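Visitor: sequence-free structure coming up:
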């Protein structure tokens, strides 16, 4: 929330699995938070498409600081430890656009995190 205020973002989106409701009560009584959308998780094969000007590749240790920068810009903190673990196991990926890293994922699938400057960068 501090990063939202500092960067004058319009809001923060808390995404939670619909079947996991234990975390909702602490947030919902706060009048600043409201349920805006219901999301569903679907399992499917990758689309196998590319977006012009965006290159997706495996992340390396050399990408760590750039990925942390993206996370700090978006969330106000980084997830360096989680990202280092993902790089070590070979599941982390990065998106490069205009010569710089604009998003990353520790793994594509359930229970892992993705970060990007906006949804087109993820």
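Guide: Received the coordinates, thanks. Source: prediction; values computed, not measured. Residues are numbered from 1 along each chain as shown.
Visitor: use CA for all of it now, contacts and neighbours both
Guide: OK.
Visitor: the helix or strand harbouring residue 101 pairs with which strands, and in what direction?
Guide: Using DSSP states H and E, residue 101 sits within strand 100-105. Strands that pair with strand 100-105, judged by DSSP bridges, come out as strand 93-97 (antiparallel), strand 114-116 (antiparallel).
Visitor: so, low pLDDT: which residues of this protein?
Guide: The chain contains residues with pLDDT under 70 at 1, 12-42, 109-122.
Visitor: and residue 44, which of the three is it?
Guide: Put simply, residue 44 is coil when judged by DSSP: H, G, I helix; E, B strand; the rest coil.
Visitor: distance check, it against residue 108.
Guide: Distance of residue 44 to residue 108, computed by C-alpha to C-alpha, to the nearest Å: 12 Å.
Visitor: who's more crowded, these two?
Guide: residue 108 (14 against 6; other C-alpha atoms under 10 Å).
Visitor: ok, and the closest non-adjacent residue to residue 75?
Guide: The shortest distance from residue 75 to any non-neighbouring residue, by C-alpha to C-alpha, 6 or more residues apart in numbering, is to residue 3 (5.9 Å).
Visitor: do I have it right that that neighbour meets residue 11?
Guide: No - if you go by C-alpha atoms under 8 Å, residue 3 and residue 11 don't touch, sitting 10.1 Å apart.
Visitor: identify the residues contacting whichever helix or strand residue 70 is part of?
Guide: For residue 70, the host element (DSSP H and E) is helix 64-75. Helix 64-75 is contacted from outside by 3-4, 77-80, 83-84, 94, 101-104, 115-117, using C-alpha atoms under 8 Å, 6 or more residues apart in numbering.
Visitor: go through that helix and flag the buried ones.
Guide: Using 16 or more other C-alpha atoms under 10 Å as the test for burial, helix 64-75 gives 64, 66-71, 73-75.
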